[in-house]
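Colleague: Coordinates only, no sequence provided:
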Ligand code: 5GP
């Protein structure tokens, strides 16, 4: 079940600039900032500017421009952060069983060392 969007969630506040973050990228469609509790040498979160909780909701309700913009932003972050040569991992937790904590859609970008097998 998709939660209703709560505009008091922490990433909504980061988007509005109400709480600080270390932004590493921003454009018309997305922003990216360092995760506060990094799980790899590089750990960046990319979020769409729009109010979406989940991938399923974003892909259903988002405009083609928003979706393309977000996908392009994730790639731009990886390029800008110098991750392309050695590689990186994308991950999105969606909903309860995935352990999603912040109810604003986000993609984790991990890099900086061999990351090991997934779901370890
Ligand atoms: P998820 O919802 O996919 O489980 O993960 C939420 C992620 O957001 C976690 O990796 C957590 O460390 C990060 N996070 C939670 N609160 C903040 C915050 O206030 N600032 C930043 N930069 N990251 C946060």
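Modeller: Done, it's in. The model shown is predicted, which means the values in this text are computed figures rather than measured ones.

Colleague: Show me the contact partners of the longest helix along the chain.
Modeller: Using DSSP state H, we find that the single longest helix of the chain is helix 64-80. Contacts with helix 64-80, where a contact means C-beta atoms under 8 Å, 6 or more residues apart in numbering, come from 24-25, 27-30, 32, 44, 46, 48, 50, 58-59, 62, 84, 88, 90, 107, 109, 111. Every C-beta, even on glycine, is put in place using the N, C-alpha and C of the backbone.

Colleague: For that helix, buried residues please.
Modeller: Residues of helix 64-80 classed as buried: 66, 67, 69, 70, 73, 74, 76, 77, 78 (neighbour count, 16 or more other C-beta atoms under 10 Å).

Colleague: which stretches of the chain have low pLDDT?
Modeller: Applying pLDDT under 70 to the chain picks out residues 1-2, 119-120.

Colleague: Which positions in it make contact with the ligand?
Modeller: 10, 21, 33, 34, 35, 36, 37, 93, 99, 100, 101, 102 (C-beta under 6 Å from any ligand atom).

Colleague: give me that answer again for 8 Å
Modeller: 10-11, 14, 19, 21-22, 33-39, 43, 45, 91-93, 98-103, 106, 108 (C-beta under 8 Å from any ligand atom).

Colleague: ok, now how distant is the closest residue to residue 27 other than its chain neighbours from the ligand?
Modeller: Among residues not flanking residue 27 along the chain, residue 73 sits closest, at 5.9 Å (C-beta to C-beta, 6 or more residues apart in numbering). With distances taken as C-beta to the nearest ligand atom, to the nearest Å, residue 73 is found 16 Å from the ligand.

Colleague: can you give me the strands for this structure?
Modeller: 23-26, 30-34, 42-48, 89-91, 107-111 (DSSP state E).
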